[in-house]
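K.L.:
okay, here's the prediction I keep looking at, along with the sequence it came from:
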Protein chains: 2
Amino acid sequence: MTMNKQLLCLLLAGGLCAPLQAERLTSEPIQPIEPASFDEPEKIELGKKLFFDPRLSRSGFISCNSCHNLSMGGSDNLSTSIGHNWQEGPINSPTVLNSSMNVAQFWDGRAATLQEQAAGPINNPKEMASTHVLALDVLRSIPQYRQEFAEIYGSDEIDIDRVTDAIAAFEETLVTPNSRFDQWLKGDDQALTQAELEGYKTFKDIGCTACHNGPAAGGSSFQRMGVVEPYVTDNPAEGRVAVTGKDADRFSFKVPTLRNVELTYPYFHDGAHWKLEEAVDLMARLQLGRELEKQDIDNMTAFLKTLTGDQPDFSIPQLPPSNNATPIPVPFAKE
Amino acid sequence: MTMNKQLLCLLLAGGLCAPLQAERLTSEPIQPIEPASFDEPEKIELGKKLFFDPRLSRSGFISCNSCHNLSMGGSDNLSTSIGHNWQEGPINSPTVLNSSMNVAQFWDGRAATLQEQAAGPINNPKEMASTHVLALDVLRSIPQYRQEFAEIYGSDEIDIDRVTDAIAAFEETLVTPNSRFDQWLKGDDQALTQAELEGYKTFKDIGCTACHNGPAAGGSSFQRMGVVEPYVTDNPAEGRVAVTGKDADRFSFKVPTLRNVELTYPYFHDGAHWKLEEAVDLMARLQLGRELEKQDIDNMTAFLKTLTGDQPDFSIPQLPPSNNATPIPVPFAKE
């Protein structure tokens, strides 16, 4: 279909398509995602290894990729994550895809940057349950890691800032351009079906784009969960108030990106809803006071599925082996 | 160094190198590993997805790759594996690399083929803890999987034989050719250092090759663990007797491959020994009644590290998403 459209554009000698494209790019509340640049390939490669290395956890079993699985939309597709010793996590694991576009990291925004975020799970006793001291001891014991740090940072010192800097550099590459919606934004009228276009129109008309806007269709603000009606959940998370201390921020969470939302089920901070139709229906009711017809819900769901972009495509990393100096993982120690 | 050697061969007009190579290939007890052929790329691609798909487990968290991690020598580098609900596994997880060369699968050889093996962990309550019925329901609910099965097997029926056939086809590609030892076997005299060659000589002289032979340097027979002296362990596994019922097979285990042994720590069926030097020393004592000098142990360890071959190199798979018809994983259900 793209080919046909391009052919048509050629036939029309640019008289129609170029202005149309420019108009959509400036007038629509969602902008296309651009491919990542790869300025520092060595750092990205190192960050990829660290992202996949379970030796950053106490058990030697849990890596960043365990809960932000890059084969599964950068998420774990569980309501809340499984942490060290099979502990039940407190909140749904947000996708790492396009997370560089977020105003801040975590549902409550307690980390300002990807680098700051990456330090958190490593020493969270309910997640990877290591300590920064132990994780760094593991990495420092491995000559291949030391060599890579030396080549990238000018010395073979391995500290948490360098580790998280490399992980963040890798995560910044995890963008998902070229969704069908982006193809449409860039001028390909054939990229979306009528139902998808109608879903997008309703999405705008009822006000979803007040929060779900920008390239990531979200991630740019904190909003109260349950504006018109309260959101019913047994999850105790209170959201942004934990960071600001302001009562007005109670139950305010970062608006999640809708990019790849087809892949990042289950939905909301408690991961309590598995069906996208259900999430659409609930958001319309609770945030906007709108009761949608089934046809509108179906069309909006169809539209949302056009936000699935090109997924990360890279070779699985090969981790440098431990050696006799490497601290041994402790998966089953009795406390 | 390979280049220099090849240049030398050219200069000598083939008068020396070709016969040397042929002699090593026929006379040495270990043969080179050849690259895998890729006759059925679609089936291999499907098998790769299934290998990485945690939805084959009850929790939605554990995949084949969790315990046979292809970023870590096809193993989990833990003494015994972590199963559903963080259960402690009964035995060390053997590497999946070069496992197609094994005489049988599992430490006790209870599965004759890779296909038969692949069915085991899915419904083992201590491992992935699903059932074949549930795992198949998950896969059948996903149209992209059904389509791939239809293209490969001629109909979109998904049964356990087809699932394990595809996983086995992928696993058959997980061979590791081109180790430095194989380069030496094929005639490159510069591929090994003097210490590594001396280690290999000792390895043969004291009799290790009685069991560790063939392309995989192991995997071809069952042997009693502790021939001369008993192996001390608190692991209750009894080995091959569980399959044959013969008392003579008590404490007999499949000889593990030594390919990539540098990557597949910790060692032995109980995963109790983390240092390769320790494993070498113990094997010489317990199996062969030999007390090795430190220099011999170091040389043999250096030789063993030359058995690390090219690791699997492929793009991370993208798993087709679940949908409203897909059974939801149950990671935290109270029994």
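P.N.:
That came in fine, so what should we check first? Owing to the predicted nature of the structure, the values given are computational and were not obtained by experimental measurement.
K.L.:
only C-alpha atoms for contact and neighbour calcs from this point on.
P.N.:
OK.
K.L.:
confidence score at the closest residue to A:Glu127 other than its chain neighbours?
P.N.:
Leaving aside its chain neighbours, A:Glu127 sits nearest to A:Gly83 (4.2 Å; criterion: CA to CA, 6 or more residues apart in numbering or on different chains). Listed pLDDT for A:Gly83 reads 98.
K.L.:
which residues does A:Gly83 bridge with?
P.N.:
A:Gln87 (DSSP bridges).
K.L.:
list the contacts for it?
P.N.:
For A:Gly83, the contacting residues are A:Ile62, A:Gly89, A:Lys126, A:Glu127, A:Met128, by CA atoms under 8 Å, 6 or more residues apart in numbering or on different chains.
K.L.:
now A:Ile91
P.N.:
Contacts of A:Ile91 were listed using CA under 8 Å, 6+ apart, and they are A:Ser79, A:Thr80, A:Ser81, A:Asn235, A:Ala237, A:His269, A:Asp270, A:Gly271.
K.L.:
and for A:Leu70?
P.N.:
So A:Leu70 contacts A:Pro312, B:Ile316, B:Gln318 (CA under 8 Å, 6+ apart).
K.L.:
in stretch A:187-201, what counts as buried?
P.N.:
A:Gly187, A:Asp188, A:Asp189, A:Ala191, A:Leu192, A:Ala195, A:Glu196, A:Leu197, A:Glu198, A:Gly199, A:Tyr200 (16 or more other CA atoms under 10 Å in any protein chain shown).
K.L.:
what does the stretch 151-300 of chain A put close to chain B?
P.N.:
Residues of the stretch 151-300 of chain A lying near chain B by CA under 8 Å from any CA of the partner chain: A:Glu262, A:Leu263, A:Trp274, A:Lys275.
K.L.:
right, I mislabeled it, should have said the stretch 1-150 of chain A
P.N.:
A:52, A:60-61, A:66, A:70-72, A:76-78, A:82, A:85-86, A:88.
K.L.:
where does the stretch 201-335 of chain A get nearest to chain B, which residue?
P.N.:
Nearest residue of the stretch 201-335 of chain A to chain B: A:Ser315, at 4.1 Å (CA to the nearest CA).
K.L.:
how close does that residue sit to A:Ser71?
P.N.:
12 Å (CA to CA, to the nearest Å).
K.L.:
repeat for A:Ala135
P.N.:
25 Å.
K.L.:
tell me where the stretch 101-250 of chain A has helices.
P.N.:
Taking DSSP state H, counting those that start in this stretch, the helices of the stretch 101-250 of chain A run over residues A:114-122, A:132-140, A:143-153, A:160-172, A:180-185, A:194-205, A:241-244.
K.L.:
and among those, the most buried is which?
P.N.:
Counting by mean count of other CA atoms under 10 Å in any protein chain shown, helix A:180-185 has the highest mean neighbour count of the helices of the stretch 101-250 of chain A, with a mean of 23.
K.L.:
other SSEs contacting that one?
P.N.:
In terms of contacts (3 or more CA pairs under 8 Å, 6 or more residues apart in numbering or on different chains; DSSP states H and E), helix A:180-185 is packed against helix A:17-27.
K.L.:
redo the contacts of A:Ile91 as a markdown table? Include distance to A:Glu151, secondary structure and neighbour count.
P.N.:
Formatted as a markdown table, these follow (distance: CA to CA, whole Å; DSSP: H, G, I helix; E, B strand; the rest coil; neighbours: other CA atoms under 10 Å in any protein chain shown):
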| residue | distance to A:Glu151 | secondary structure | neighbour count |
| --- | --- | --- | --- |
| A:Ser79 | 40 | coil | 26 |
| A:Thr80 | 38 | coil | 23 |
| A:Ser81 | 35 | coil | 24 |
| A:Asn235 | 45 | coil | 12 |
| A:Ala237 | 42 | coil | 19 |
| A:His269 | 40 | coil | 25 |
| A:Asp270 | 42 | coil | 20 |
| A:Gly271 | 41 | coil | 21 |
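K.L.:
start and end of stretch A:252-260, how far apart?
P.N.:
23 Å.
K.L.:
mean confidence (pLDDT) on that stretch, please.
P.N.:
98.
K.L.:
what's it in contact with?
P.N.:
A:73, A:94, A:98, A:106-109, A:176, A:211-212, A:216-225, A:238-241, A:269, A:304-305, A:307-309.
K.L.:
same question, stretch A:232-240
P.N.:
A:90-91, A:107-110, A:222, A:249-254, A:270, A:272.
K.L.:
what about 7 Å?
P.N.:
A:Trp107, A:Asp108, A:Gly109, A:Asp249, A:Arg250, A:Phe251, A:Ser252, A:Phe253, A:Asp270 (CA atoms under 7 Å, 6 or more residues apart in numbering or on different chains).
K.L.:
is it true that the fifth one touches A:Val241?
P.N.:
Yes. Assessed by CA atoms under 7 Å, A:Arg250 is found in contact with A:Val241 at 4.8 Å.
K.L.:
where does pLDDT dip in chain A?
P.N.:
Counting by pLDDT under 70, chain A contains low-confidence ranges at A:1-21, A:334-335.
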